[in-house]
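Student: Got a sequence here, can you model it:
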Amino acid sequence: MVSYQCSPLSTPEGIVGTFRQCAKLQENQDLNKFVSVVVLDEVGLAEDSPRMPLKVLVAAVLLHHLVVSRL
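Tutor: Numbering: from 1, shown residues only. Next up, the predicted model:
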C-alpha cells in the first residue's frame with residue numbers, strides 16, 4: 001500500500017508518480033496473490049489545486065477501460 005497525501009498543492013505528476021510506484025511493486029509478482037494499492041488520503045483537498053490533479057484519475061480509468069475492452 002502506498003499513500004499519497006492530497007492537498008491544494010497536489011500535482012498530476014505527484015499522483016501519477018504514486019501509481020507508478022505501485023506498479024513497480026507489482027512487477028514480477030503473482031497478481032493472483034499480490035496487489036498494490038494507492039490510498040489518496042484526504043482526496044477532497046486536491047480539488048482545490050489549480051493544477052486539477054484529479055483529472056489524471058479520469059484519464060487513467062478511461063485508458064484502462066480502452067485497453068481492457070480491446071483484449
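Student: Please name the nearest non-neighbouring residue to the residue positioned nearest the centre of the chain.
Tutor: Nearest to the geometric centre of the chain sits F19, at 4.1 Å (C-alpha atoms, centre = their mean). Nearest non-adjacent residue to F19, counting by C-beta to C-beta, 6 or more residues apart in numbering: V38, 5.7 Å away. Glycine gets a C-beta too; all of them are placed from N, C-alpha and C.
Student: At which residues are the strands of this protein located?
Tutor: Taking DSSP state E as the criterion, the chain carries its strands at 2-5, 38-41.
Student: Give me the mean pLDDT for the last one.
Tutor: Average pLDDT, strand 38-41: 94.
Student: Buried residues in it, which are they?
Tutor: Neighbour counts using 16 or more other C-beta atoms under 10 Å place L40 of strand 38-41 among the buried residues.
Student: Quickly list what the residue nearest to F19 is bridged to.
Tutor: Per DSSP bridges, the residues bridged to V38 are V2.
Student: For L62, see how far away it is.
Tutor: V38 is 17 Å from L62, where distance means C-beta to C-beta, to the nearest Å.
Student: rewinding a little: touching, the residue nearest to the centre of the chain and V39? I think so.
Tutor: No - if you go by C-beta atoms under 8 Å, F19 and V39 don't touch, sitting 11.5 Å apart.
Student: Could you tell me the per-residue confidence at V56?
Tutor: 92.
Student: Look at it and say how many residues are nearby.
Tutor: Look at V56: counted by other C-beta atoms under 10 Å, it has 17 neighbours.
Student: Could you pull up the residues touching the closest residue in space to it that isn't next to it in sequence?
Tutor: Closest residue to V56 apart from its sequence neighbours, by C-beta to C-beta, 6+ apart: P12 at 4.5 Å. Neighbour list for P12: 51-53, 55-56 [criterion: C-beta atoms under 8 Å, 6 or more residues apart in numbering].
Student: P50: how many residues sit nearby?
Tutor: 7.
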